[in-house]
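*Asks:* Predicted model, plus sequence, below.
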Amino acid sequence: MTQRRWLLLGAAALTVVLVLVIGALALRPLVPSTEPTANPEGSASPTPTTPPPPPPWESTQLPGYVPDPGPLELTPLSDATGDPVSVSLELEKDALETGGTIGLSFDARELANPIWDSETSNLTLTLQELDLPVLRFGGNGVDRHMWWTSSSEPAPDWAEVTVTPADLERVAAVAEDVDAQVTLVLDLGHNDASRAADMAAHAQDAFGDRLIAVAIGNEPNGYYHPNQPQLAVRGEDWGPEPYQDAVHEYSAALEEAAPGLPVAGPGAYDASWWRAFAESEIPNQRALTMHWYPLWDCEGPDSSIANPTIEDLTSPKIRERAHHIVGMGSEIAEEHDLPLWMEETGPTSCPGTNDTSRTHAQALWTVDYVMTLMELGVERTAFHATLRACQGGAPMSALCATGPLEDPGEIVSGRTSYLALMLLGWMPDGQVLSPSVSGDGTVMVHGVLAEDGSLALTLVDMRDPATTETAPVTISAPTRLPGSAPESWELSGGTALTGESLESHESRLTEPAEISGDLAGAPLQTDHSLEVSSDPGSVTLLTLEPAPQGDPSDAGR
């Protein structure tokens, strides 16, 4: 560029600057000043107040979440005076692949809730805190209280809510925004296959590929039970065989209205019903689904291990029970070459508030339970939730609406177990490792071998922080890894979910951060175990990156 052109450009720029300055000076009296000014008495006027906070629908309410915690420092090993724990991990040939497999189950009546895709709700922002969440709609309401219509028919007397195609489209918009996969349960309770198929067809149009399956009925094994007459939708002759006949009828209607739509089932808690669905031989079978609430013994004796108490929720026996119950489902699924989904679950099926409701113990259990299910081959887990009021309306739900019981509103808040779901979403995609852990089972360690060769180790410590000491945990390098896997790793980052006590209604979750302190960069090698600390009443998620080949820091540690 010539000197003349530079001069011309400089003159032009100077002219623009002068025009802007003169204009600003001319307009200055019209613009309110942000500087203190003198009043007639000579004192300075107060500085204008700060801008008002954003409206509640533009932010999340996640009590206990710390988005910028600074480096994570683990308790020094010199202070870990509790009973030592040793851990070995193994990669089995059929290890489950993680990623986008955890989320929430809602009653189908929630489909008609105006909160979905509302401009004055923070539900979408809140769900976005989960990693590729799964969303499932079913529950007892779908077979008893939900009325579907695509032609504006009047609802029958038994209906509590009416769901329409417009409702599905609003939910689908949220599913798109949060990148969720969706399953939908169809009404089998009223034995109307054509109406159910019409709903499935509209759902297929609304959700597209995000609708990964529909189910025919919710918990059909509960359609008739002498002890629950209020839930009965069939007579005493109902059983697996009549259910199988109904599945065939509904499947034929689905094939006509929505050809090729995948079907999952039975969404039950009994092995005979699992087999009834698996052996139905209907087309487009997608998955075997089960429901399980470990603490089902609402008024059980002290000898029961399924009471809705903190003691039973944090007991290693509940993990052993999962291996038995879920293990049976896994065997049946494998026998019929179907994936296994836990489509509805939670700590307890007991109604109302109990000792486990909203507690830090529930958050600890949530992490341990999900990892245990993955180790048992469960590909998808949905925790039953509601969008009812936090006070009086949703004692076990991971999230709830902040308004009063009569008018919950559209602003939702996450509870302790929601923080647990967020932590689980921070695990890398990869293969689940099978753990073997010493001790009494109150300290458990789970592992994932990530696609990039890194390791994620999840330490779940169910011990009471008020009465127990930090424990040293020695972890051996995983075995049976592929030849392409690293041979050594370094501790690089982590996050912690903590609480003052197991009974506390508050938990604290820190965003993943670098590890600081004496354990930063601690190695894990095939011939060198990693020793870390585990604080009682906590979940610690640790990330170990592959160590650079030939790194001098590998020597002498």
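*Replies:* Done, it's in. It should be emphasised that the depicted structure is a prediction, and the values quoted were computed from it without experimental measurement.
*Asks:* burial measure for the closest residue to D79 other than its chain neighbours, as a count.
*Replies:* Closest residue to D79 apart from its sequence neighbours, by CB to CB, 6 or more residues apart in numbering: T470 at 5.9 Å. Where C-beta positions appear, they are placed from N, C-alpha and C, glycine not excepted. With neighbours defined by other CB atoms under 10 Å, the count for T470 comes to 21.
*Asks:* counting contacts, what elements does the strand or helix carrying L497 pack onto?
*Replies:* For L497, the host element (DSSP states H and E) is strand 488-498. Judged by 3 or more CB pairs under 8 Å, 6 or more residues apart in numbering; DSSP states H and E, strand 488-498 is in contact with strand 72-73, helix 360-375, helix 416-425, strand 508-510, strand 513-516, strand 523-525, strand 538-546.
*Asks:* any idea of the mean pLDDT in the longest one?
*Replies:* Taken as a whole, helix 360-375 has a mean pLDDT of 98.
*Asks:* Which is the succeeding secondary structure element to that helix?
*Replies:* The helix or strand immediately downstream of helix 360-375 is strand 378-385, counting by DSSP H and E.
*Asks:* what does that following strand contact?
*Replies:* 96, 101-106, 134-136, 139, 183, 287, 326, 330, 339-346, 366, 370, 373, 394, 396-399, 417, 421 (CB atoms under 8 Å, 6 or more residues apart in numbering).
*Asks:* re earlier: could you dump the helices and strands packed on strand 488-498 to a markdown table with distance to P154?
*Replies:* As requested, the helices and strands packed on strand 488-498 are exported to a markdown table (distance: least, CB to CB, whole Å):
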| stretch | distance to P154 |
| --- | --- |
| strand 72-73 | 58 |
| helix 360-375 | 42 |
| helix 416-425 | 38 |
| strand 508-510 | 47 |
| strand 513-516 | 57 |
| strand 523-525 | 65 |
| strand 538-546 | 50 |
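*Asks:* Make CSV out of those and add distance to L62 and mean neighbour count.
*Replies:* Listed next are the helices and strands packed on strand 488-498 as CSV, based on distance: least, CB to CB, whole Å; neighbours: other CB atoms under 10 Å:
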stretch, distance to L62, mean neighbour count
strand 72-73, 19, 19
helix 360-375, 12, 26
helix 416-425, 7, 24
strand 508-510, 8, 22
strand 513-516, 17, 16
strand 523-525, 32, 20
strand 538-546, 16, 24
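*Asks:* got a pLDDT number for L186?
*Replies:* Per-residue confidence (pLDDT) for L186: 98.
*Asks:* try the one 4 residues further on
*Replies:* pLDDT recorded at H190 is 97.
*Asks:* Share the number of residues neighbouring it, please.
*Replies:* Residues contacting H190 under the criterion other CB under 10 Å number 16.
*Asks:* what do you get for E506?
*Replies:* Using other CB under 10 Å: E506 sits among 17 other residues.
*Asks:* Would you confirm that it contacts T416?
*Replies:* Yes. Using CB atoms under 8 Å, E506 is in contact with T416, at 6.9 Å.
*Asks:* got any residues that touch both of those two?
*Replies:* Common contacts of E506 and T416 (CB under 8 Å, 6+ apart): 64, 360, 499.
*Asks:* hmm, back to that, what angle do helix 416-425 and the strand holding L497 make with each other?
*Replies:* Angle, strand 488-498 to helix 416-425, by axes from the mean of the first three to the mean of the last three CA atoms, to 10 degrees: 170 degrees.
*Asks:* All further residue positions should be reported with the first residue as 47.
*Replies:* Sure thing, new numbering starts at 47, so read that last one as strand 534-544.
*Asks:* so what's T229 bridging to?
*Replies:* R182, A259 (DSSP bridges).
*Asks:* Tell me the helix or strand right after the helix or strand of the chain with the lowest mean pLDDT.
*Replies:* Least confident element among the helices and strands of the chain, by mean pLDDT, DSSP states H and E: helix 49-73 (a mean of 37). Where DSSP H and E defines the elements, the next helix or strand beyond helix 49-73 is strand 111-112.
*Asks:* which residues of the stretch 347-496 of the chain fall in strands?
*Replies:* Taking DSSP state E, counting those that start in this stretch as the test, the strands found in the stretch 347-496 of the chain are 386-391, 424-431, 445-447, 458-460, 476-483, 489-496.
*Asks:* out of these, nearest to P102?
*Replies:* With CB to CB as the criterion, P102 lies closest to strand 458-460 of the strands of the stretch 347-496 of the chain, at 9.8 Å.
*Asks:* which residues are contacting that closest one?
*Replies:* 106-109, 111, 161, 167-169, 172, 175, 433, 436, 444-448, 468.
*Asks:* Got a ChimeraX select line for the buried ones in those?
*Replies:* Restricted to buried positions by 16 or more other CB atoms under 10 Å, the ChimeraX selection for the contacts of strand 458-460 reads:
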select :106,107,108,111,161,167,168,169,172,175,433,436,444,445,446,447,448,468
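*Asks:* Output stretch 360-371 as PDB, nothing but the C-alphas.
*Replies:* What follows is stretch 360-371, C-alpha atoms only, in PDB (Å, rounded to 0.1, in the frame of the first residue of the first chain):
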ATOM      1  CA  THR A 360     -26.800 -47.100  52.300                       C
ATOM      2  CA  SER A 361     -26.500 -50.800  53.200                       C
ATOM      3  CA  PRO A 362     -24.300 -53.000  50.900                       C
ATOM      4  CA  LYS A 363     -27.100 -55.500  51.000                       C
ATOM      5  CA  ILE A 364     -29.100 -53.300  48.600                       C
ATOM      6  CA  ARG A 365     -26.300 -53.700  46.000                       C
ATOM      7  CA  GLU A 366     -26.300 -57.400  46.500                       C
ATOM      8  CA  ARG A 367     -30.000 -57.500  46.000                       C
ATOM      9  CA  ALA A 368     -29.600 -55.500  42.800                       C
ATOM     10  CA  HIS A 369     -27.200 -58.200  41.500                       C
ATOM     11  CA  HIS A 370     -29.900 -60.800  42.200                       C
ATOM     12  CA  ILE A 371     -33.000 -59.100  40.900                       C
END
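*Asks:* Buried residues, it. List them.
*Replies:* 360-362, 364-365, 367-368, 371.
*Asks:* where does the stretch 347-496 of the chain dip in pLDDT?
*Replies:* Along the stretch 347-496 of the chain, no part satisfies pLDDT under 70.
*Asks:* before we move on, the earlier item: does the residue nearest to D125 touch S579 like I think?
*Replies:* Yes. Between T516 and S579 there is a contact at 5.1 Å, judged by CB under 8 Å.
*Asks:* Which neighbours do the two have in common?
*Replies:* Each of 121, 125-126 lies in contact with both T516 and S579 under the rule CB under 8 Å, 6+ apart.
*Asks:* so which of these comes closest to L214?
*Replies:* Among the shared contacts of T516 and S579, T121 lies closest to L214 (CB to CB), at 49.5 Å.
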